[in-house]
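Engineer: could you work out the structure for the sequence below:
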Amino acid sequence: ILLEHSSVQIYSFGRKLGQGSFGVVIEATHKETGIKWAIKKVNREKAGSSAVKLLEREVSILKRVNHEHIIHLEEVFETPKRMYLVMELCEDGELKEILQKKGQFTENETRHIIQSLASAIAYLHRKDIVHRDLKLENILVKSSDIDEENEIKLNIKVTDFGLAVQKMGGSESMFQSTCGTPIYMAPEVISAHDYSQQCDVWSIGVIMYMLLCGEPPFIASSEEKLFEVIKKGDLHFKHSTWESIGETAKNVLQLLLKVDPAHRITANELLDSQWITVNTGRHISKKHLNFLKMCKLKLHLLHAHTLLCFKDILWKPNFQKCQESRGGQCEAFKLISFGLISILWQHGREKTEREVGWGGVSER
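Structural biologist: Numbering: from 1, shown residues only. Coordinates of the predicted model:
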């Protein structure tokens, strides 16, 4: 959307959110609606033709996508010297900054982030779009919440589509140009071999690894040595953090960080993996698990107390006389009515409540 210079005047500019080589990102408020946006302001002269082309590529792709975990581009306008991209405001900043403050995320927190990220990337891949520069800095956080287990849930947005491309010819289309950020680059990209959308999946694996332990999966003293380590793909779980991480998560990482892209799982397969689906279906939270354990304990006590009451009745003198006159236990049992059983059950319940507080059982 190309608008006139006057469009700049409809926004009230506020604090600076970020600074780049050729421009700045500023928080802005629409004067009529009061809605806050992040406006990327780029100096066309400083940027040069190549950077402007990357920006135009980003705009072209963002105008064709619509996903809850991909940054929303509201509008674009320009002046003779500048371009303005009005984008969704993510007030919580970069995922990288949050990771640096936390040190690492729990497995459940990581699962929530990776599920959102994989959903966005699977969507892009279905539209034959490859991001090619997935990294913590390019994942913004719209908002965050704390769940009932005191774990953080982040609403993430994939951003920065300057290196993204839309493939021609379906999912097997290949690229050859080396691009991206070294620690996130897939082996096939480093080797400048033909590569496809699976390079994004590798980057998801690197991000997942870093979220769980706070460090990249592959580290070296120089970029050249780093590339050699990445191409070997020897994945280790030596950090003490990994002792508390489930085997399913480690297995997923092994599948995401396969050196051969043909053996690497896809973004859709990641979404269908047991590690992801366990928290959306069959998973039981700690709170509910404790509730079920308490119910099991109290039912066990209730059963025991009821049996004790029943045993007391069997040994009562009147019942013993009845047993003798009626010809044994079988005939005597017939005298025990459903009403009596109900009374016994109620007596057992009252005894259980006195001991462990039956009435306190609640799932809330």
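Engineer: now for the protein, the helix or strand with the poorest mean pLDDT.
Structural biologist: Lowest by mean pLDDT, DSSP states H and E among the helices and strands of the chain is helix 329-333, with a mean of 51.
Engineer: for L211, give me its contacts.
Structural biologist: Shown in contact with L211 (C-beta atoms under 8 Å, 6 or more residues apart in numbering): 99, 104-105, 109-110, 113-114. C-beta: built from backbone N, CA, C; applies to glycine.
Engineer: so which of those sit within helices?
Structural biologist: Assigned to helices by DSSP state H, the following of those qualify: 99, 109-110, 113-114.
Engineer: JSON lines for the residues you listed, including neighbour count, pLDDT and distance to A192?
Structural biologist: Shown next, in JSON lines, are the ones in helices among the contacts of L211 (neighbours: other C-beta atoms under 10 Å; pLDDT from 0 to 100; distance: C-beta to C-beta, whole Å):
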{"residue": "L99", "neighbour count": "18", "pLDDT": "98", "distance to A192": "30"}
{"residue": "E109", "neighbour count": "19", "pLDDT": "97", "distance to A192": "36"}
{"residue": "T110", "neighbour count": "21", "pLDDT": "98", "distance to A192": "31"}
{"residue": "I113", "neighbour count": "24", "pLDDT": "98", "distance to A192": "31"}
{"residue": "I114", "neighbour count": "26", "pLDDT": "99", "distance to A192": "28"}
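Engineer: now the strands for the stretch 151-300 of the chain?
Structural biologist: With strands called from DSSP state E, counting those that start in this stretch, the stretch 151-300 of the chain shows them at 152-158, 165-166.
Engineer: and those, which one's lowest on average pLDDT?
Structural biologist: Of all those, mean pLDDT reaches its minimum on strand 165-166 (a mean of 88).
Engineer: list of residues touching it?
Structural biologist: In contact with strand 165-166 (C-beta under 8 Å, 6+ apart) are residues 57, 61, 64, 127-130, 132, 175.
Engineer: for Y209, which non-adjacent residue is spatially closest?
Structural biologist: Excluding its sequence neighbours, the residue lying closest to Y209 (C-beta to C-beta, 6 or more residues apart in numbering) is P217, at 4.3 Å.
Engineer: contacting residues around that neighbour?
Structural biologist: Applying C-beta under 8 Å, 6+ apart to P217 gives the contacts 205-206, 209-210, 235-236, 253, 257.
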